[in-house]
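K.L.:
Make a model of this:
(chains A and B)
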Amino acid sequence: MSKLKILQPVEDKQEFLDIDEAASDDGDEQKHEKLLNAISKLGNKKMKITQRTEPVSRINEHALVQVGSGKSKTNKIKVDDLLNVIAEKPRLGALKKAVKQAKSKSSTLKAPLEKPQALRVERAAGYEKVKDEVSKWDDIVKGNRVAEQLIFPLDQPSIKMQSASDFTAKFKPKTPLEQQISELLRCNRHVQAENEELTPAEKEALTSMSLKEALARRRELAKSRALQSYQEAKARRQNKIKSKTYHRLLKKEKMKNHVKEFDSLKEHDPQRALEKLEQLDKKRIEERMTLKHKGAGKWAKLQAIRSKYDQNARESLADQLRLGKEVTRKIKKPDDESEEDIPSVPLEKSDNPWLGGSLPDSSHPTTEVTSGYRKLWDNVNKGREIKKKMNKEVKKTASKPSKVKQSHPTDEKIYDSTKVDSAENESVASESYDVQEEFSEELDEGLVRKSTMEDFQQTPEDVEMKQITYKKTSKKQPTQKIDSQVASVQAETKIATDIDPLKFISMPDTVIINSSVPVTEEGNEEDEDEQRRMTLAEAFADDDVIEQFKEEKKQVISASTPKDIDLTLPGWGEWGGSGLKLSRRKKRQFIIKAPPAPKRRDDNQGNLIINQDKNTNMRRQQVNDLPFPFRSAASFEYKIRAPVTSTFIPETAVRKLAAPKVLTKIGTIIAPMTDEVLISAAKRNKETQDKMELENRKKPTPGKYQKRKKSSLITKPTKKSKIQKNQWQITDTPATNSLKK
Amino acid sequence: MKVKLLVRNPDDYLRETKRDIHKLPRNYDPALHPLETPREYTRAMNAVKLERVFALPFIGSLDGHRDGLTCLGKHPDHLSWLYSGACDGELKLWDVAKRKIVYTVQAHDGFIRAMAFSQETSSLYTVGDDKLIKQWKAQELDGSDLKAPINTIVTRGMLTGISHHRSKPVMATCGEACNLWEHSRAQPIKTFQWGVDSLQSIKFNQVEENIIAACGSDRSIILYDMRESVPVRKVVLKMRSNALCWNPMEAFIFTVANEDYNLYTFDMRNFANPINVHKDHVSAVIDIDYSPTGKEFVSASYDKTIRLYNSRQAHSRDIYHTSRMQRLTCAAWSLDDRFVYSGSDEMNIRIWKARAAEKLGVVKPREKTALRVNAKLVEKFAHHPAIKRIHRHRHVPSHVYNSRNELRNSRIAARRKEFNVRTHTKRQLPIIPEKAKVIVSEQ
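P.N.:
Just a heads-up that it's a prediction; the model follows:
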């Protein structure tokens, strides 16, 4: 109401003014003034503004009039003015600050989206929500898809056995007495837990150490940790160095260190020296496996091209090859000289790689490069000798008691006698004996170094047999055994010599160096020849491949050629008896001649057999492609090979294998899946968790840790009971967890 | 003096009666059975042949309607009760076990379009071309409660489909828009509208109960959440989908029967492409229903056949047809997972076995194991050509055979053309996977 009263006069005034202006003339200025006066007077009289305030429940915002709106903007009341007033009160200082902040951050809200866009946003949000909601079924659906067997309806009561320990685990002390007892039992360190031999207290007593010891140990640990970190830092620093020469030098130095270490070990710890030796030997094997130093690398190839014109390149390449040889060279034993019974193979120029077509060029001086490896291997050999001697000594001492017991001639003597008997093979036998002795202590036969022909031809059983015989030598008829063994060794050497190195199939080399560099080989020539012969023998040690292949081809051809069919009955229509010939008539009549053999496709192709009797009819019955769920032919074949019927496997297994994937019950309605499945799955999870918890709790924890745990144990039951009241909480949480996963 | 004798007691190897079955001692050492696999192969061959011999899926037909079938309804609580609606508005209740009509009532003027059950109130809802939603009681064994509807709602628009919420008293109808109704109200409690097109099929998700899916005549599939105020998602396919069914065991999986002769299985969470395209039909697919185990579904097609699919395989596992069966209009899988019902244009409902060679009735344990072992053998050797040929062979009517060949040829031609185009263009278009081709847009 008051609003109207305020506003109306102003409007009226304006109207009047408009009218006046329209009607005004130049001369009536005075009149006009008069009129105005009169009006103003009139207005004062009649429309005296009477303002009164009435209490209303709600103040209309439109009713508020800006103070001084008509006059100037400077008079506007601002928030600051209001704040200045309250600034004096310290209680409202915070308010001032808040207003300031609001002012600085103030921005108008954006206009609402157009309706289609707004709907789109709403739909997208809704879809995301639905997606999330539905995803909780993921685990169950996947589980059902891959399940071996599904039994519908799904929500069936589960029946399972409950063991006594399970039952007792659920027991919760309720009465104060029970609680007291359980408290005493649970936290007592003198109570023995299940599957444990000692109580926690006993254990602690056993393992505890004095303060001094503990301190010493701690110091030691700290020291080792510091050392380790220092070493790590050093290694890191060294790794960063890119210089090749540096690394080469480093390697050499390392090698030297190894050798030194080995030397020192050799003297006072032969056991560990042997281990070290094995380790180094492994390195050589690894080197042999790689293509390193064999002229196959990029650099080597480049050098090979250059070597035609460049002396330096030639030399460096030769150096590399030599290095490779050196590194992979097998060490000759000092007692290898005895094996001279291998017939020498004529080393002619041929394309048989085994015969070494190109002999080593003597133009290059064969300077002995004393590298770390060489030195090392020399040392290694020495170490072995020492080891052998030591073993012999040990043997001697060990054999003495047996001698006393059984009143047999001693090993030594027997051994001597054999030496006398077979002077030629003596060293062979002794060598193998020694080797065997050396490794029988800790290693299996697979690691026996096969350095000689005999070694190579020995099958594992042979070695085993040897071992046995050597063990028995102290007991029964040692002379015979060793004799027989010597004989077998001789036979073996004979077999080895039967291989004809001139029969071979030439194969292209995988690593080819087409350079003019003569392959330099250090060492004396005889040595090399011998070695080559040896490797040849080794390569064909097991089988005569070429002859075998030819034989096989002959057999295949003969099997495929049709044969004459002999239908003659001996003695039918003629005199019978041995040594009688078939008559021509009978031959003509009763022997059906085979047609000439069809031409074979592999007739003129020397080293090839083509299987021509492939059965196409059979092929039609077989599976062409690998069926879908299988990843490999082997797995498919495995499945086909595994029998499923009761003729071949027990009835119970058959029943298990033939169990259908989906089982339904006749006349039972299968309702769609319900939330209960989800709940039961969650319950199962919860149960397993509980079990785990129980098991954890059962485990005794010694020392302080247990004391800390005590408090948590006490609080646990209350927590649990709270959860159990709210069934939903139990079931929901694991499900959501699994979803997150 | 002890004399050693060979003793053979007939009690050890002769049985007293025929039923007295001894456990024969056997040596299972594989070395003694060198021909295991060949022998099993022969057995598998015999098993697969026997399976084909016994594959007689047709059980019988329910004859009685005077017009083409439009919809079938399985009672959620009674296995043998089957409701059927026809084009003339007749609603029939069948006793499937006895193959007899229990009750007939003129439910609507014009087509009965769809029906749905409310398990809680054990009532049946039908919608018809007369724009009415009728509620019937479905409790009495003799069907006497079908005499008159207990409630009728007059609606403003056309109604083409109805579906009921699994646990709440809410149902959804489709037509010009998707409406949600409550039992006690005569007005829809909610209306979902997206565009102006009409919907022809609507289904509540039975597992995740608040989600609804519907097929629109603008070739779209629309997803609703009952709690939201707007539809949630829409995907447009190349051709129209006729019917839709949710997998009852997998909450987010549904399959639509499409006009382009295929069925598409979607994961609700990813509409970018269907997870499976089920081929083999040679005409529009009209209806689809999942088996209650969710492992298989049945589809009814305009090509006068019904096909059974494994829900995760692209090709059908079986095809059912008879010479007298005409265009299919509806199909349903019985709730005990053993039978399939189909309704067709020529006024008949047919009952089929869900597994063609299954033996009905009681099967003795030994026979059961034998059958299972046979099935296992067939499964084991299913990839061998001879067995596969017998296992997969089906006799089909000539029109299906011919049109299948025709379709195959056209598909090969299309593929060839695509290949040629690809090999002779400089800037090749991106390769779109076959599955994604069917999706036009997703909103």
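K.L.:
Number of residues surrounding the closest residue to B:Ser122 other than its chain neighbours?
P.N.:
Once flanking residues are discounted, B:Ser122 sits nearest to B:Gln139: 5.1 Å by C-beta to C-beta, 6 or more residues apart in numbering or on different chains. Every residue, glycine included, has its C-beta placed from N, CA and C. For B:Gln139, the count of nearby residues is 15 (other C-beta atoms under 10 Å in any protein chain shown).
K.L.:
where does chain A have low pLDDT?
P.N.:
Of all residues in chain A, those with pLDDT under 70 make up the ranges A:1-28, A:42-50, A:56-75, A:86-89, A:106, A:157-158, A:329-543, A:691, A:694-741.
K.L.:
quick one, strands of the stretch 601-741 of chain A?
P.N.:
A:662-663 (DSSP state E, counting those that start in this stretch).
K.L.:
for chain B, what are the nearby residues on it?
P.N.:
Residues of the stretch 601-741 of chain A lying close to chain B (C-beta under 8 Å from any C-beta of the partner chain) are A:620-624, A:627, A:636, A:639-641, A:643-650, A:654-655, A:657-660, A:662, A:664-674.
K.L.:
and what of the stretch 151-300 of chain A?
P.N.:
So far as C-beta under 8 Å from any C-beta goes, the stretch 151-300 of chain A lies against chain B at A:152, A:154.
K.L.:
Can you tell me which residue of the stretch 151-300 of chain A sits closest to chain B?
P.N.:
A:Phe152 (5.5 Å; C-beta to the nearest C-beta).
K.L.:
how far away is that residue from B:Asn247?
P.N.:
Using C-beta to C-beta, to the nearest Å, A:Phe152 is found at 14 Å from B:Asn247.
K.L.:
how close does whichever residue of the stretch 1-150 of chain B sits closest to chain A get to A:Lys212?
P.N.:
Proximity of the stretch 1-150 of chain B to chain A (C-beta to the nearest C-beta) peaks at B:Glu36, 4.8 Å away. Distance of B:Glu36 to A:Lys212, given as C-beta to C-beta: 72 Å.
K.L.:
Kindly report the residues of the stretch 1-150 of chain B close to chain A.
P.N.:
Within reach of chain A by C-beta under 8 Å from any C-beta, the stretch 1-150 of chain B has these residues: B:26, B:28, B:30, B:33, B:36-37, B:39-40, B:43, B:76-77, B:79.
K.L.:
which among the residues you listed end up buried?
P.N.:
B:36-37, B:40, B:43, B:76, B:79 (16 or more other C-beta atoms under 10 Å in any protein chain shown).
K.L.:
nearest to B:Gly85, of the residues you listed?
P.N.:
Proximity to B:Gly85 was ranked across these by C-beta to C-beta; first place goes to B:Pro76, at 17.0 Å.
K.L.:
how close does the closest one get to B:Lys304?
P.N.:
From B:Pro76 to B:Lys304 the distance is 30 Å (C-beta to C-beta).
K.L.:
do the same with A:Ala94
P.N.:
Distance, A:Ala94 to B:Lys304, by C-beta to C-beta: 83 Å.
K.L.:
ok, now A:Leu198?
P.N.:
Separation of A:Leu198 from B:Lys304 (C-beta to C-beta) stands at 82 Å.
K.L.:
Between these two, which has more neighbouring residues?
P.N.:
Comparing A:Leu198 with B:Lys304 by other C-beta under 10 Å, the one with more neighbours is B:Lys304, at 22 against 13.
K.L.:
on that earlier part again, same list (the buried ones among the residues of the stretch 1-150 of chain B next to chain A) but as JSON lines, adding pLDDT.
P.N.:
Putting these into JSON lines (pLDDT from 0 to 100) gives the following:
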{"residue": "B:Glu36", "pLDDT": "92"}
{"residue": "B:Thr37", "pLDDT": "93"}
{"residue": "B:Glu40", "pLDDT": "95"}
{"residue": "B:Arg43", "pLDDT": "96"}
{"residue": "B:Pro76", "pLDDT": "93"}
{"residue": "B:Leu79", "pLDDT": "93"}
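K.L.:
Narrow those to those in strands?
P.N.:
Among these, no member falls in strands (DSSP state E).
K.L.:
what residues are up against the most centrally placed residue in chain B?
P.N.:
In chain B, the residue lying closest to the centroid (C-alpha atoms, centre = their mean) is B:Val298, at 2.3 Å. Contact partners of B:Val298, counting by C-beta atoms under 8 Å, 6 or more residues apart in numbering or on different chains, are B:288-289, B:291, B:306-309, B:331-333, B:340, B:342, B:354.
K.L.:
Which of those residues lies at the shortest distance from chain A?
P.N.:
Nearest to chain A out of the contacts of B:Val298 is B:Ser291 (C-beta to the nearest C-beta; 8.5 Å).
K.L.:
So what pairs up with the residue nearest to the closest one when sequence neighbours are not counted in the strands?
P.N.:
Of all residues beyond its chain neighbours, the one nearest B:Ser291 is B:Trp333 (4.5 Å), with distances taken as C-beta to C-beta, 6+ apart. Here B:Trp333 sits in beta bridges with B:Val340, going by DSSP bridges.
K.L.:
what residues are up against B:Trp333?
P.N.:
Applying C-beta under 8 Å, 6+ apart to B:Trp333 gives the contacts B:289-292, B:296-298, B:339-341, B:354.
K.L.:
What of B:Arg312?
P.N.:
Contacts of B:Arg312 by C-beta under 8 Å, 6+ apart are A:145, B:276.
K.L.:
how close does it get to B:Ala357?
P.N.:
Distance of B:Arg312 to B:Ala357, given as C-beta to C-beta: 22 Å.
K.L.:
same thing with B:Ile153?
P.N.:
B:Ile153 is 47 Å from B:Ala357, by C-beta to C-beta.
K.L.:
For the helix or strand hosting B:Lys368, C-alpha coordinates in CSV please.
P.N.:
Using DSSP states H and E, B:Lys368 maps to helix B:365-380. C-alpha atoms of helix B:365-380 as CSV (Å, rounded to 0.1, in the frame of the first residue of the first chain):
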residue,chain,number,x,y,z
PRO,B,365,20.6,-94.0,-14.3
ARG,B,366,22.4,-96.3,-16.6
GLU,B,367,20.6,-95.0,-19.6
LYS,B,368,21.3,-91.5,-18.4
THR,B,369,25.0,-92.1,-18.2
ALA,B,370,25.0,-93.7,-21.6
LEU,B,371,23.3,-90.7,-23.1
ARG,B,372,25.7,-88.4,-21.4
VAL,B,373,28.7,-90.3,-22.6
ASN,B,374,27.4,-90.3,-26.1
ALA,B,375,26.9,-86.6,-26.0
LYS,B,376,30.4,-86.2,-24.6
LEU,B,377,31.8,-88.4,-27.4
VAL,B,378,30.0,-86.4,-30.0
GLU,B,379,31.4,-83.2,-28.5
LYS,B,380,34.9,-84.6,-28.4
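K.L.:
what residues does it touch?
P.N.:
With C-beta under 8 Å, 6+ apart, helix B:365-380 has contacts from A:639-640, A:644-646, A:654-655, A:657-660, B:40, B:43-44, B:47-48, B:50-51, B:359, B:363, B:387, B:391.
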